[in-house]
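*Asks:* what follows is a predicted protein model with its sequence.
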Protein chains: 2
Amino acid sequence: MSDKLKLANQVCFPIYTLSKEVINHYRPLLKELDLTYPQYLVMLVLWEEGEQNVSTLGAKLNLDSGTLTPLLKRLANKNLIERNRKATDERVVSITLTAQGKLKKKAAQSIPSKIASSLNVSTADLAQLKKIIDQIITQINKEK
Amino acid sequence: MSDKLKLANQVCFPIYTLSKEVINHYRPLLKELDLTYPQYLVMLVLWEEGEQNVSTLGAKLNLDSGTLTPLLKRLANKNLIERNRKATDERVVSITLTAQGKLKKKAAQSIPSKIASSLNVSTADLAQLKKIIDQIITQINKEK
DNA sequence: CCTATTTAGATTGTGCACAATTTAATCTTG
DNA sequence: CAAGATTAAATTGTGCACAATCTAAATAGG
């Protein structure tokens, strides 16, 4: 097996492992906010960009309606968001933050720094990791 | 400050995204073998190291019995593995490959090269990615 | 011994991820 | 305008991930 083959083989498992580890580090922090990691991602988009369709959320987070529909129903049950069909196009469901959903942003402010210190990795390493991964993801998206 | 809550500035989201992308690249290849990615990981360990307990498998793949028990039942239903209580310690379940399970290794030989070319990333990038991720995982494991 | 503790794995329950299909609304084109 | 195509979201079904709990077996310590 060539070095490249071996490497590809040996890099996919660490990526999968790291992703789970990172989410496991988020879990206790997000539990205090009564959010899961994917729910937190949805909230991030809404806090930053405001009202979204299910499909724009899906495009930004790489999730389909099969994942988002039940997730958004759970966020709505917690009174963090509202789901409303648009009058101008009844196929589209508009997702907006409730007052409670907007408020939750305050409680989330401390998460990034807590994660950074809990991962216990240097800022330089994280920056480098982000750079390479963003490169690879850009490459992958090009193929679509 | 609140910049940290922006999706674009997060490292964790790209890690999570990349992990899903990589597994999505495996999916069509593994479908031909009638395996999922976690099932493939179990088979890799068995092909490489032979007979395993549920708990040694779990330690190597970072999965608990709640995930492994049903997964191993599915592999057993496909006649790729056998699950047997050990006579010397009835708490322990020994996982061994069936003849069919051993045979499947041949069909899996082509997967790494297909993944390597499908990911379309340079060897240098992969090497650097692996180096940083391994570093971080080592760091994380130290804390346990 | 024999009881208390520990260990291995199974079970239960929640939630995510994704493929495949369905439903309803909108758009397109003849 | 009507029929067919397209689109957005929901639904259905499978499988993974993980917390919490349970069961049975093994071990330890009195």
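*Replies:* All right, it came through fine. Numbering: from 1, shown residues only, chains lettered A, B, ... in the order given.
*Asks:* use CA for all of it now, contacts and neighbours both
*Replies:* Noted.
*Asks:* please report the distance of A:L61 from chain B.
*Replies:* Per CA to the nearest CA, to the nearest Å, A:L61 is found 8 Å from chain B.
*Asks:* my guess is A:S55 meets A:S65, correct?
*Replies:* Yes. Using CA atoms under 8 Å, A:S55 is in contact with A:S65, at 7.5 Å.
*Asks:* neighbour count for those two, which is higher?
*Replies:* The neighbour comparison of A:S55 against A:S65 (other CA atoms under 10 Å in any protein chain shown) goes to A:S55, with 17 against 13.
*Asks:* and after the one helix or strand that one maps to, which helix or strand comes next?
*Replies:* Here A:S55 is covered by helix A:54-61, with elements defined by DSSP states H and E. In the C-terminal direction, the helix or strand that comes right after helix A:54-61 (DSSP H and E) is helix A:65-77.
*Asks:* report the angle between that next one and helix A:54-61.
*Replies:* Interaxial angle, helix A:65-77 versus helix A:54-61 (axes from the mean of the first three to the mean of the last three CA atoms, to 10 degrees): 110 degrees.
*Asks:* burial of A:V93, as a residue count?
*Replies:* Using other CA under 10 Å, A:V93 has 18 neighbouring residues.
*Asks:* for B:D64, see how far away it is.
*Replies:* For A:V93, the distance to B:D64 under the criterion CA to CA, to the nearest Å works out to 38 Å.
*Asks:* using the three-state scheme, assign the nearest residue to A:E51 once chain neighbours are set aside.
*Replies:* Distances taken as CA to CA, 6 or more residues apart in numbering or on different chains place A:T96 nearest to A:E51, at 4.8 Å, with adjacent residues excluded. Using DSSP: H, G, I helix; E, B strand; the rest coil, the structure places A:T96 in strand.
*Asks:* isn't A:T96 right next to A:K86, touching?
*Replies:* No. Counting by CA under 8 Å, A:T96 does not reach A:K86; the two are 11.7 Å apart.
*Asks:* more neighbours: which of the two?
*Replies:* Neighbour tally, A:T96 and A:K86, criterion other CA under 10 Å: the higher count belongs to A:T96, 21 against 13.
*Asks:* state the distance from the more buried one to chain B.
*Replies:* According to CA to the nearest CA, A:T96 and chain B sit 18 Å apart.
*Asks:* now do A:A116
*Replies:* Taken as CA to the nearest CA, the span from A:A116 to chain B is 10 Å.
*Asks:* am I right that that residue is in a helix?
*Replies:* Yes. Looking at A:A116 with three-state DSSP, it is inside a helix.
*Asks:* picking up where we left off before, so what's the residue nearest to A:E51 up against?
*Replies:* By CA atoms under 8 Å, 6 or more residues apart in numbering or on different chains, the contact set of A:T96 is A:L46, A:G50, A:E51, A:Q52, A:I81, A:E82, A:R83.
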